[in-house]
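J.: Show me the folded form of this:
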Amino acid sequence: MTTAFKNKLSTSLGVGPATVMTSNASANTTVIGFSLTNTTSYYVTVTVQLQDTVQSTTAYYINNVMIPANQSLRIVTGGEKLILGPSTNVIVTTSVASAVDLVMSWVEIS
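T.: All right, here's what the predicted structure looks like:
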């Protein structure tokens, strides 16, 4: 078994849905850190959805959560983990264009 630690950095996420990560189709994926930062001087709402491309199902992980100006929201932190099935998309949508930065870390075991 191979273990790979990976991360994703995305800047200026905006109003349209953005697929920020797709889990490996042939590995077990565990998200170990997920942080969203509002880089503006006003409130922004954020939605994160998980889309299972195998079963054609989309569900909300968080929906319209408000992040204050120049603040961060950690949606996976500490001992918490998010297990993703094969070929699962992580989709982020914000209420304001170019408003949110993302830092995400995960482990793939194949």
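
J.: so what's the spatially most central residue of the chain up against?
T.: Centroid check for the chain by C-alpha atoms, centre = their mean gives residue 90 as the closest residue, at 5.3 Å. Counting by C-beta atoms under 8 Å, 6 or more residues apart in numbering, residue 90 makes contact with 19-23, 31, 48-50, 84, 104. For glycine as for every other residue, the C-beta is placed from the backbone atoms N, C-alpha and C.

J.: How about residue 75?
T.: 34-36, 48, 61-62, 65 are the contacts of residue 75 under C-beta under 8 Å, 6+ apart.

J.: Looking at those, spot the one nearest residue 98.
T.: Nearest to residue 98 among those is residue 36, at 13.6 Å by C-beta to C-beta.

J.: The residue nearest to the closest one when sequence neighbours are not counted: how many residues sit nearby?
T.: In space, and not counting its chain neighbours, residue 36 is closest to residue 73: 4.9 Å by C-beta to C-beta, 6 or more residues apart in numbering. Neighbours of residue 73 under the rule other C-beta atoms under 10 Å: 19.

J.: next SSE after the helix or strand hosting residue 73?
T.: Per DSSP states H and E, residue 73 falls inside strand 72-76. Next helix or strand after strand 72-76 toward the C-terminus (DSSP H and E): strand 82-84.
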